[in-house]
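Undergrad: got a sequence here, can you model it:
(chains A and B)
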Amino acid sequence: MSTAQAGTTGGYLGAISSISADDVPALYQGAKFYSPAVGEADKSALTAWLAGLLDRNGPVALRRPEAMPPDTRCVSLCVIGSGSAMADLPPSGDEFQLAVQRIEQLQGQPFGAVYPLAAATVSALVPVVAAAQLGVPLLDADGMGRTYALIHHTSMYLAGLSPAPLVAHGPTGESVLIEVTIGPRADRLLRANVDTLGGWAALAAYPTTAGALRRAALPGTVSRLLNVGRLLLERPTPDVLVARLAAINGCSRIGRGRIVELEHLSRPNDVTVPGHPSSLVLEESDGQRRQLRLELRSEIVAVFADGRLVAAAPDLLSLFDVSRGEIASLDSLEPGDLLDVLVTPADAVWYSAEGMAMVGLGSHGIGLDHPRRR
Amino acid sequence: MSRPRGAALPVTLPITLAELVRIAPLAAGEVLHLADPARPVEQVVVAETIDRLRRSSPHSLVVLHADAAAGGWSLAAALHLAWERNASAVVVARSVAGPSSAALAQRLNMTLVVIDEQPVEVALQLAGQVSAPDAARALRQALFAERLAEESSTRAVLSALNGELAPVPVALVVGDAVLAGRAAALTEGADAEQVEVDVKAPGERPWARLVAAVPARVPGAAQHVEALLRLARPALLASLAQARLNSAQRATHEQAAFGLLRQLAVESPSTDRVGTAVEAPAWTSDLGWHVDGFNRAVWLAPARPVAAPPEQLTELVRAAWLRARPTWPLVAEDDGWISWCSTSDAEDVSLLRGTLAGFRETAAAHGLVVGVGRPERGVPGLMRSVAEARLAAHVARDSGPGAVQWFDQVGPGAALAWLPTAEIAQVADLCLQDLMAAKDRSTLVDTVLAVLDCGGSLSQASQRLGVHRNTVLTRVARARQLGLDFEDPGQRLALHVLCHALASLSDDPGRSGDGPG
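TA: Next up, the predicted model:
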């Protein structure tokens, strides 16, 4: 059957049981979709390194938290700090492994699995690196389902798990151990040290058990990311892409338009979230020819169509460059670009009152009701 | 009568956007988009949050402040909500609005004004104006009166009126001609109502009208516009008087100067063309005149001779003639006006032709003809050219209003132009009573004139008239019976001239011979 064939060649595999070197390009593409702010700078070094690791050590097993014994110790991993610093000062290779081992030493128990703190950006790749190095499975779950700015913006934190003790291991071999109970404090203490560590650091946090993660983590997010990445690698036409993304993650298109204006520092900024508030104005090229206004920070936080709020954080808002046929990264936009504005609903936990308070529009200084709640 | 109680009281109409943006504090701001100037404003809302807009009532003016003015997004959201809530306008600090905000305001057709002052203070002042519209209107009128007092020319007064009343066009009209302002005021439209105010010259003589085309659907707009037009009357009169004074002085001055110049030419010892040694006196350049080089004179005259043209016509001619060439002279003399252009190249007529083309419409409208003399050197040459131009103008009268005659193309036929045809026709009334009483007299006169013009040849005359030779013969015989006997050589010239006069008069539709005496 042609549809069945399309299913296999089309790349959608449903839940995935292992990640091999062949999956690395898809992993990277998916990671890019879930965080459009990431640039291309560190792409080749990282992917080549990861593919090499997976070639040498064999594929990494991907397990759902339910498939692990409940008392299996698990720790989350991510990269904290600036992506360009990481391009300047590339990983020496053992940061992630050492960060995990530091917490193992502290708690006196080995970890039986690692999981991504946020399955997006380079942080989607590094847990695979650590899993390959440590020889443990990777959990098919994460704490964000996309990426948010601060380390306590996780479903684990919302479920009452503490991020501490956490270890940040820099590329120069130095590390910082932080033990606090309040999530926001952990983030501030951590950020104060990241610069000194070299601009970026490998972070191991949220040490817990697989049993706790069954209810606290967002399940299936790594498989989902790989499926999205496979789809993007096929470079489908924009219409096909949106239709097939809809089947994977509920993505839909708000509109297609050309950039007519870029505004910088377009809103008052607070200091809680690192990011540069700017705005993007698109003129819809078909349909009602609405004026689409995108408010940017470290991500796209809101989309207004003719002044009406049509989508907003925690929705995942991404831009698809129609002429290049790929996801546009926020640092490469120019007036005249023709873009599809895509909206993907975030995981349900983020639309709860607590989730909205943490990562909703209000946290970006925009005091409007979310369009999904109105 | 079921009229509600109190309906007879004068109704205070809510203030409109057009009125608000003319007075402080909005006058100091900038209107990025004005959707409908006639839109009433019934309330002022100070919105600290975007949510406040959801509770605003229609026809509100919304001033954004604090969180509601936090950036482009808040203005975009506010514009959308204002549109949803049918607000009249949105006012915001300038720093918040970018080009895309103006574009969105235009797209939603929502009035957007940016201000530089504190939004809350502006809102307070606006609230005062909205709650007392008549006071705000009076303030606007007072400000306008102050502005008018500073204007001294007709043009400036009209541009002030047009600026104040925009988008309503205003024009100052004399007869059908627009003297100043926007001609759009005269075009009648289904949705426009014309408001007219007469402007009287000193001595209560009607001089001009101020006309404005006001949108018909706005209640009370006509009264308001009329009030402002009335306000402009004294300023217009003052500017008129000033212009009169200036032009009357100038006309007298120029007339005297031209008389002196003419005397100079007559008194000059050498009158032959080669030896024109008369130097142009220095005062000619004070008047802006050029008389060195080749002077080509132009004589402007009414198509129908009148004793002396009225002062108003002189003014009109001066305005129209000098529009393109403000430095050329214009001197009123006898029944016309003299002007000339001085060029170094005798054959260069491009400037003059251009000016004449521009003047053609005015000439036709006011029944003027134009004669142009030949280029002649120096002051005596100018006087000769003036005489030629005058002669050419007389010839031009034969072709009717608007005609232009160059002396180069006139020839001896010009002599006929000088004949006092009206007086000669009166002679016919006395000497040829039988002929003048005949119903077919114009046919007879034409026939006899043709025969005389053809040196007595009946066949040539019949060809020229397009009738049979026998018809000509019959008509000549009948004319002879009625006293038009041209066989006598002693009377032939007199009769030829008489026929010419009668024929040229009957050509003139205004003086058709069928009238009762």
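Undergrad: do you know how far the residue of the stretch 101-250 of chain A found nearest chain B is from residue A:351?
TA: Of all residues in the stretch 101-250 of chain A, the one sitting closest to chain B is residue A:149 (18.6 Å; C-beta to the nearest C-beta). Using the backbone N, CA and C atoms, a C-beta is placed for each residue, glycine as well. In this view, residue A:149 and residue A:351 are 18 Å apart by C-beta to C-beta, to the nearest Å.
Undergrad: just checking, residue B:281 touches residue B:264?
TA: Yes. When contacts are counted by C-beta atoms under 8 Å, residue B:281 is listed as touching residue B:264 (7.0 Å).
Undergrad: and for residue A:192, the neighbour number?
TA: With neighbours defined by other C-beta atoms under 10 Å in any protein chain shown, the count for residue A:192 comes to 11.
Undergrad: please, which helix or strand holds it?
TA: Secondary structure from DSSP states H and E places residue A:192 in helix A:183-197.
Undergrad: C-alpha coordinates for that helix, PDB please?
TA: Below are the C-alpha coordinates for helix A:183-197, written out as PDB (Å, rounded to 0.1, in the frame of the first residue of the first chain):
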ATOM      1  CA  GLY A 183      14.100  27.000  42.000                       C
ATOM      2  CA  PRO A 184      14.500  30.700  41.100                       C
ATOM      3  CA  ARG A 185      17.400  31.000  43.500                       C
ATOM      4  CA  ALA A 186      19.100  28.100  41.800                       C
ATOM      5  CA  ASP A 187      18.800  29.800  38.500                       C
ATOM      6  CA  ARG A 188      20.300  33.000  39.800                       C
ATOM      7  CA  LEU A 189      23.200  31.300  41.500                       C
ATOM      8  CA  LEU A 190      23.900  29.300  38.400                       C
ATOM      9  CA  ARG A 191      23.900  32.300  36.000                       C
ATOM     10  CA  ALA A 192      26.200  34.200  38.200                       C
ATOM     11  CA  ASN A 193      28.800  31.400  37.700                       C
ATOM     12  CA  VAL A 194      28.300  30.600  34.000                       C
ATOM     13  CA  ASP A 195      30.400  33.500  32.700                       C
ATOM     14  CA  THR A 196      33.300  32.600  34.900                       C
ATOM     15  CA  LEU A 197      33.100  29.000  33.800                       C
END
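Undergrad: can you give the distance of it from its chain's centre?
TA: Helix A:183-197 has its average C-alpha position 19 Å from the chain's average C-alpha position, going by C-alpha atoms, centre = their mean, to the nearest Å.
Undergrad: by contact count, what packs against the next helix or strand after it?
TA: Downstream of helix A:183-197, the first helix or strand assigned by DSSP H and E is strand A:200-209. In terms of contacts (3 or more C-beta pairs under 8 Å, 6 or more residues apart in numbering or on different chains; DSSP states H and E), strand A:200-209 is packed against strand A:73-81, helix A:83-88, helix A:95-107, strand A:166-169, helix A:183-197.
Undergrad: can you pull out the low-pLDDT segments for the chain?
TA: As the question left the chain open, I've gone with chain A. With pLDDT under 70 as the threshold, chain A has low-confidence stretches at A:1-13, A:36-42, A:265-276, A:374.
Undergrad: actually chain B
TA: Scanning chain B residue by residue, the ranges that satisfy pLDDT under 70 are B:1-11, B:202-203, B:218-219, B:243-244, B:268-279, B:285-288, B:306-307, B:323-327, B:507-517.
Undergrad: quick one, longest helix in it?
TA: The helix of greatest length in chain B, counted in residues with DSSP state H as the criterion, is given as helix B:221-267.
Undergrad: OK, contacts around residue A:187?
TA: With contact taken as C-beta atoms under 8 Å, 6 or more residues apart in numbering or on different chains, residue A:187 is in contact with A:150, A:151, A:152.
Undergrad: out of these, who's the most crowded?
TA: Most neighbours among these, by other C-beta under 10 Å: residue A:151, with 26 neighbours.
Undergrad: that one touches residue A:117, doesn't it?
TA: Yes. Using C-beta under 8 Å, residue A:151 is in contact with residue A:117, at 6.9 Å.
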